[in-house]
Each structure stands twice: as C-alpha cells, then as structure tokens.
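Undergrad: All I have is the shape, not the residue letters:
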C-alpha cells in the first residue's frame, strides 16, 4: 500500500524517500510469478508409451469444422493430451427404418438403425445391454487415461449408423468401437467376435489399423473373460465402418438368442468383465 506523509509523525527527507521508492521499484521488477505448463498425465498402469510418443504433439485436436485426419501407424489422435476413443452403443429404443447409404455417395442403402436383438432369457432389448456395457467401458477407459466420446448415453435417440461413424471422425478418434450383441435362429451359439472392415472403395485407408485394434481387443477379451473365441470377421457391408475415416470395428459381445449367454450379458458382473477386458485391449492397441 502506498503511504503518504500523513501516516508518519516526522517528515522524512525528500532524497531519502526517492531512494526508497527506487529500491522498491527495482525489487518489484525482479519478482517473477511461475505458471504451470504441465498437462494432465496418463495413469501409470496404461499409457506411458503413448505419452512418450506424443511428447512433441500439440495438446488439442483440430476444430470440428476441419477435415479429420486418418490415424496412421497406430498413433492416437490427441484431445487434452490423451488419445480419444469413440464408443457407440449399438441400436436405440425406436428403430429407424429410413434409408441410409452404406457409404459416402453410395446408391446402396440399409436401415438407418435396425431394431436389434432381444434377450431370450428375460426380454431385455439389445440396445439396453449395449448401452450398459458402453457406459462401463467409458469409465474403464477414462480410468486408464483415455478421452472418451460417446455417440449416445440414453436410449431415446435417433442416430443413423452413418452419423455414428461421423461422430468418431469429427472427434479425430484413434478408434471407434461399436458395441453389439448377436442373435441367431438357434439357442446354442456362444462367444465373442470382432467385425473389422474389409477393403472396399471407402475402407482401404483404415483396414490395417482396424485389424490391429480388433486383434488386440479380441485376444484380451477371450483371454480375460474366458468366452468362446469366434475370431475376427471382415465386413464390407456395415455402414458404421464404411463411413469411418478413423480405425473402426464392431464387437459382438455374445448371443442373446442363447439363454445361458443372454443371462450373463444381463448381469453387472459379466458386463464389467467385458468392459475391463475391452479397455485393456484398446490400451494395448493405443500403445502399440
């Protein structure tokens, strides 16, 4: 606080006052305030390798209005210093049977969002189970230092499959994962499979990386959960893959048409096992 002569019982010599002011100004000019330039780091159990690879990279992704870059050589896109993964809980409460092109500028169409399967054990719709696992996977990934973008967090939405892919594209995601359950005309099929893009006019740039990600997830889930390994399957007809400009895949987490597996898929315990194993597989891919 600046002091005047009124605050002192004796008047100080002017020269002494000027000298004191000069000394104070000199001290003030020399003082510096430190600011923190650090950014949030990765958890020790997950992404140390990714952090070292990205030490020279900018901490933020491009604005959504810019054309998203295709991820190459397994290097994750950046958002707040961590790789981004887009999670799509397949289907929705009300099916959208309008026409949706299976790829950009394609004249071939499929339903925008089909209805999905239903558990033969208790009637739970697939869209509900997909969302429950998606929310657990979100938490598991965030605990491992991964930034997560969700295509939906509720069931009452209307999002075509082409738009779900574009959400991942716009986020510059290192990977987009579509969560689904199987349903067939028998009650004995079981197991976990991963659908990856086969090469066509749209998917060629993302095929190799999508396959690497799919193999990491498939191996982690089957090893940790102990479910039947139905392997990796190439698909060229899936809208969610054909519209992706970033690595993308579908996981089929089990069969709702088989009572024993449908019962498992409806439990928190089994859903957490799947989510934790998928998260481990995704981190293995991001670190590779």
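TA: On my side now, so go ahead. In this text the structure is predicted, and so the values were computed from the model without any measurement.

Undergrad: which stretches of this structure have low pLDDT?
TA: 1-80 (pLDDT under 70).

Undergrad: Mind telling me which residue is nearest the centre of it?
TA: Nearest to the mean C-alpha position of the chain, by CA atoms, centre = their mean, lies residue 85 at 2.0 Å.

Undergrad: Could you look up the SS state of that one?
TA: strand (DSSP: H, G, I helix; E, B strand; the rest coil).

Undergrad: can you pull the contacts of it?
TA: If a contact means CB atoms under 8 Å, 6 or more residues apart in numbering, then residue 85 has 141, 146-149, 173-177, 282, 286 as its contacts. Every C-beta, even on glycine, is put in place using the N, C-alpha and C of the backbone.

Undergrad: Go again with 10 Å.
TA: Residue 85 sits next to 76-77, 137-138, 141-142, 146-150, 168, 171, 173-177, 213, 246, 279, 282-283, 285-286 when contact means CB atoms under 10 Å, 6 or more residues apart in numbering.

Undergrad: cool, residue 215 as well?
TA: Taking CB under 10 Å, 6+ apart as the test, what residue 215 contacts is 194, 196, 231-232, 249, 281, 284-285.

Undergrad: can you tell me the helix or strand for it?
TA: Using DSSP states H and E, residue 215 sits in helix 207-225.

Undergrad: do you know how far the residue nearest to the centre of the chain is from residue 97?
TA: 29 Å (CB to CB, to the nearest Å).

Undergrad: Likewise for residue 185?
TA: 21 Å.

Undergrad: Residue 125 now?
TA: 16 Å.

Undergrad: Can you show me the helices along this protein?
TA: 14-30, 48-53, 126-143, 161-170, 207-225, 239-242, 259-265, 268-287 (DSSP state H).

Undergrad: Narrow the contacts of residue 85 to those that are buried.
TA: 76-77, 137-138, 141, 146-150, 168, 171, 173-177, 213, 246, 279, 282-283, 285-286 (16 or more other CB atoms under 10 Å).

Undergrad: So what's the residue count around the residue nearest to residue 139 when sequence neighbours are not counted?
TA: Residue nearest to residue 139 in three dimensions, not counting chain neighbours: residue 275, with 7.6 Å by CB to CB, 6 or more residues apart in numbering. The local packing of residue 275 (other CB atoms under 10 Å) involves 23 other residues.
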